[in-house]
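J.: After the sequence you'll find the predicted model.
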Amino acid sequence: MAINEGDVLVATSPYIPGFKTVKVVGIALGITVRSRGIGGRFLAGLRSLAGGEIIEFTEMAEQARKQAIDRMIQHAKSLGANAVISFRLDSNAVGEYMDEIIAYGTAVIIQPGNDNAQE
């Protein structure tokens, strides 16, 4: 899977087909910690009684993932990278009502050419 975020390519694979990795510049990280407010927790609690998807938490999770990815891309840019390979997302519970979302990968400089998997 590859995501083209403007001038930074993001891929879950350790290489990007059609591109050669010319330099590894470091680890790119993006972190956010989110908590649903008391009102959102109350509504989610009511929804959980009926079963099914809890939209309040789904929306919060989507926003948190997007923010963590955006921060990782900004960090990669600050390192001088134009791609992030081996991209991953991780999450951890922090306390009873908070979640930490971490986006990370290897920040690299790539250029068009044979991809590294063929070497």
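T.: Structure's in. What do you need?
J.: and the longest helix along the chain, how far from the chain's centre?
T.: As assigned by DSSP state H, the longest helix anywhere in the chain is helix 55-78. Relative to the centre of its chain, helix 55-78 is centred 6 Å away, using C-alpha atoms, centre = their mean, to the nearest Å.
J.: Flag every buried residue along it.
T.: 56-57, 60-61, 64-65, 67-69, 71-73, 75-77 (16 or more other C-beta atoms under 10 Å). Heads up, the C-betas are built off the backbone N, CA and C, glycines and all.
J.: Just name the closest of those residues to K20, please.
T.: Closest to K20 out of the buried residues of helix 55-78 is A76 (17.6 Å), distances taken as C-beta to C-beta.
J.: Got the confidence number for the closest one?
T.: A76 carries a pLDDT value of 97.
J.: That one is in contact with V8, isn't it?
T.: Yes: counting by C-beta atoms under 8 Å, V8 is a contact partner of A76 at 5.7 Å.
J.: which residues are in contact with both of these two?
T.: Residues within reach of A76 and of V8 at once, by C-beta atoms under 8 Å, 6 or more residues apart in numbering, are A83, V84.
J.: name the helices or strands packed onto the longest helix of the chain?
T.: Applying 3 or more C-beta pairs under 8 Å, 6 or more residues apart in numbering; DSSP states H and E, one finds that helix 55-78 contacts strand 2-5, strand 8-11, strand 19-35, helix 38-50, strand 83-94, strand 98-112.
J.: Apply 6 Å and report the result again.
T.: Under the contact definition 3 or more C-beta pairs under 6 Å, 6 or more residues apart in numbering; DSSP states H and E, helix 55-78 sits against strand 19-35, helix 38-50, strand 98-112.
J.: tell me the angle that helix makes with strand 83-94.
T.: 140 degrees (axes from the mean of the first three to the mean of the last three C-alpha atoms, to 10 degrees).
J.: which residues of the protein score low on pLDDT?
T.: Along the chain, segments meeting pLDDT under 70 span 1-6, 36-52, 54, 115-119.
J.: same thing but at 80, please
T.: Within the chain, the segments meeting pLDDT under 80 span 1-6, 34-58, 60, 93-98, 114-119.
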